[in-house]
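> below: sequence and its predicted model.
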Amino acid sequence: MRETPKPKGLAKIWREIERPFKGFVSRATSSIDAKLDVIVHTLDQQRQEITALCDDFRNKLDQQRQEIIALRGDFRNKLDQQRQEIVALQNNLSNISADQQRQEIVALRDDFSNKLEQQQQQEIVSLWNGLNHLIGGQGYLQQMLEKMKICLGATSLTSFSQFGEDILLYKFLSHVQQGFYIDIGCYDWRKDNVGLFFYERGWHGINIDAQAECMENYHKFRKRDLNLIATLSDTDNLPTTLYLKGELTSNSAESVQWLKQSQNLQFEERKVATSRFDTLIASQTDFSMPVDVHWLKVDVEAHEKEVLSGMDWSTFRPWVVMVESTLPTSTTPSHETFEHIFLENNYKFFGLFTINRIYLAEEKAEELEQNFRQNAALLFRQHEDWNLKEQ
């Protein structure tokens with residue numbers, strides 16, 4: 001089939017339209033290419049700027065990282081230095097013993113006490129006057145009060161004992177530096193304790209009690225002392241019953257029976273074995289008894305005779321001996337059971353102080369009495385005048 005030819009008029013119109021259209025397309029393409037070139041150039045420029053910013057940021061990060069590393073190193077060095085200083089301080093503190101610190105505290109306390117002495121003396125005088133008024137007419141208590149006043153006087157020293165026994169002993173022994181003591185029946189390490197006053201002044205010694213519970217704090221707070229759990233008597237390894245009621249600890253069945261009947265007290269009972277004092281001390285392989293024992297205190301609730309009989313008084317010569325000399329929780333004298341031990345072994349009865357009798361070794365008596373005279377707050381009285389009339 002033969003193709004129908006296009007009208008000649010349309011070809012002419014197409015040619016007229018095609019020419020400007022091609023020109024428009026060419027110009028549009030050129031414009032787009034130019035704009036694309038600009039965009040590409042701009043993108044390249046921005047890429048370079050971003051790259052430069054990233055490089056600058058990396059450099060700053062590296063710089064900051066180096067600064068942080070430097071600071072961390074400096075901080076570690078300072079920590080190490082502080083750690084070394086702390087170790088040095090700890091070593092320095094460890095070199096300063098607890099005893100030295102305690103002595104410094106005691107010195108500070110005594111200094112403070114001395115500054116308040118005048119005020120305390122006035123208070124003590126007022127107290128004595130009040131007590132005199134309260135117990136006026138009761139002969140035994142009046143005499144006991146006078147003895148305490150003569151022995152202790154107005155003093156700024158801090159007593160830890162029940163009746164000021166530590167201050168009394170100090171008046172005999174104030175000239176002794178870092179002496180040695182023995183406390184038998186010591187009970188609590190602080191409350192009503194005779195030895196603590198001396199321990200805080202650099203002394204040391206032996207503490208003995210039958211109650212194991214009591215000795216736990218001695219091991220903790222009295223480390224310079226030899227602290228022993230024992231039921232003392234005049235015989236070794238004798239089975240006996242230990243009777244316990246608070247501060248009362250005794251293996252004297254007679255005194256416990258009397259307490260049960262007179263005061264209706266109930267006691268815990270424990271089965272134990274006794275030890276002689278000299279045997280007990282000899283068994284301490286790491287301990288050697290000093291030549292001078294400056295004071296001995298015995299408080300064993302009516303078992304004093306047996307405890308004192310377990311000592312070899314020919315070699316064991318404490319300068320001052322203080323012995324509880326009444327039946328437990330009473331004013332009934334009990335010294336007739338044991339006093340012969342002292343008199344037969346060259347000890348001199350000095351006097352009665354509250355419920356305790358004081359004995360001095362004859363070889364030291366003159367020195368001790370002289371020191372007591374110098375320390376007594378009031379005029380010294382001969383020991384015959386110190387005997388309380390036993391009622």
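Yep, it's here. Numbers count the residues shown, from 1 in each chain.

> quick one: strands adjacent to the helix or strand containing Ala273?
Assigned by DSSP states H and E, Ala273 falls within strand 268-275. Applying DSSP bridges to the sheet, strand 268-275 is found paired with strand 231-232 (parallel), strand 239-245 (antiparallel).

> got a list of contacts for the first one?
Surrounding strand 231-232, the residues in contact under the criterion CB atoms under 8 Å, 6 or more residues apart in numbering are 184, 208, 210, 240, 242, 251, 272-277, 280, 300, 303, 306-307, 310. Glycine gets a C-beta too; all of them are placed from N, C-alpha and C.

> PyMOL command for the buried members of the residues you listed?
Restricted to buried positions by 16 or more other CB atoms under 10 Å, the PyMOL selection for the contacts of strand 231-232 reads:
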select buried, resi 184+208+210+240+242+251+274+275+276+277+280+300+303+306+307+310
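
> check the average confidence over the strand or helix carrying Leu308, would you?
According to DSSP H and E, Leu308 maps onto helix 304-309. The average pLDDT for helix 304-309 rounds to 95.

> next helix or strand past that helix?
Helix 304-309 is succeeded, C-terminally, by strand 320-324 (DSSP H and E).

> rounded mean pLDDT for that next one, please.
97.

> contacts for that strand, please.
165, 168-169, 172-173, 185, 194, 294-301, 304, 308, 335, 338, 342, 347, 353, 355-361, 368.

> quick one on the thing from earlier: may I have the strand holding Ala273 as PDB, with CA atoms only?
The C-alpha coordinates for strand 268-275 follow below in PDB (Å, rounded to 0.1, in the frame of the first residue of the first chain):
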ATOM      1  CA  GLU A 268      25.400 -18.600 139.500                       C
ATOM      2  CA  GLU A 269      27.600 -21.600 140.200                       C
ATOM      3  CA  ARG A 270      30.600 -22.700 138.100                       C
ATOM      4  CA  LYS A 271      33.000 -25.600 138.700                       C
ATOM      5  CA  VAL A 272      36.600 -24.500 138.600                       C
ATOM      6  CA  ALA A 273      40.100 -25.500 139.800                       C
ATOM      7  CA  THR A 274      42.100 -23.300 142.100                       C
ATOM      8  CA  SER A 275      45.700 -22.000 141.700                       C
END
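
> out of the contacts of strand 320-324, list just those in helices.
Per DSSP state H, helices hold the following members of these: 165, 168-169, 172-173, 304, 308, 342, 368.

> type out the PyMOL command that picks the buried ones from those residues.
Buried residues among the ones in helices among the contacts of strand 320-324 (16+ other CB under 10 Å), as a PyMOL selection:
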select buried, resi 165+168+169+172+173+304+308+342+368
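
> right, and Gln211 touches Tyr187 too?
Yes: at 7.3 Å, Gln211 and Tyr187 qualify as touching, with contact defined as CB atoms under 8 Å.

> quick one, what contacts Phe160?
Applying CB under 8 Å, 6+ apart, one finds that Phe160 lies in contact with 166, 190-194, 196-197.

> what about 10 Å?
Applying CB atoms under 10 Å, 6 or more residues apart in numbering to Phe160 gives the contacts 166-167, 188-200.

> apart from its neighbours in sequence, what residue is nearest it?
Excluding the flanking residues, the one nearest Phe160 by CB to CB, 6 or more residues apart in numbering is Leu196, at 4.5 Å.

> before we move on, back to that, which one (most neighbours) among the contacts of Phe160?
Greatest neighbour count in the contacts of Phe160, by other CB atoms under 10 Å, goes to Gly195: 27 neighbours.

> my read is that it contacts Lys297, right?
Yes: applying CB atoms under 10 Å, one finds Gly195 in contact with Lys297, separated by 7.9 Å.

> what's the overlap in contacts for these two?
161, 166, 169, 181-183, 186, 205.

> would JSON lines of the residues you listed with pLDDT and distance to Pro328 be doable?
JSON lines is the format used below for the shared contacts of Gly195 and Lys297 (pLDDT from 0 to 100; distance: CB to CB, whole Å):
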{"residue": "Ser161", "pLDDT": "90", "distance to Pro328": "17"}
{"residue": "Asp166", "pLDDT": "93", "distance to Pro328": "21"}
{"residue": "Leu169", "pLDDT": "95", "distance to Pro328": "22"}
{"residue": "Tyr181", "pLDDT": "98", "distance to Pro328": "23"}
{"residue": "Ile182", "pLDDT": "98", "distance to Pro328": "21"}
{"residue": "Asp183", "pLDDT": "98", "distance to Pro328": "18"}
{"residue": "Cys186", "pLDDT": "92", "distance to Pro328": "16"}
{"residue": "Gly205", "pLDDT": "97", "distance to Pro328": "24"}
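
> quick check, nearest of the residues you listed to Thr235?
Ile182 (19.9 Å; CB to CB).

> can you tell me the helix or strand for the closest one?
strand 180-184.

> neighbouring strands - and their directions - for that strand?
Here strand 180-184 is paired, per DSSP bridges, with strand 204-209 (parallel), strand 295-298 (parallel).

> let me have those in a markdown table, extended by distance to Asp37.
Converted to a markdown table, the strands paired with strand 180-184 look like this (distance: least, CB to CB, whole Å):
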| stretch | distance to Asp37 |
| --- | --- |
| strand 204-209 | 103 |
| strand 295-298 | 114 |
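
> so which of those comes closest to Ser288?
Among those, the nearest to Ser288 by CB to CB is strand 204-209 (11.8 Å).

> before we move on, the earlier item: how near is the residue nearest to Phe160 to Asp44?
According to CB to CB, to the nearest Å, Leu196 stands 93 Å off from Asp44.

> again, but for Trp203
Distance of Trp203 to Asp44, computed by CB to CB: 95 Å.

> which one's more surrounded, those two?
Looking at Trp203 and Asp44 with other CB under 10 Å, you find the greater number of neighbours at Trp203, namely 21 against 10.
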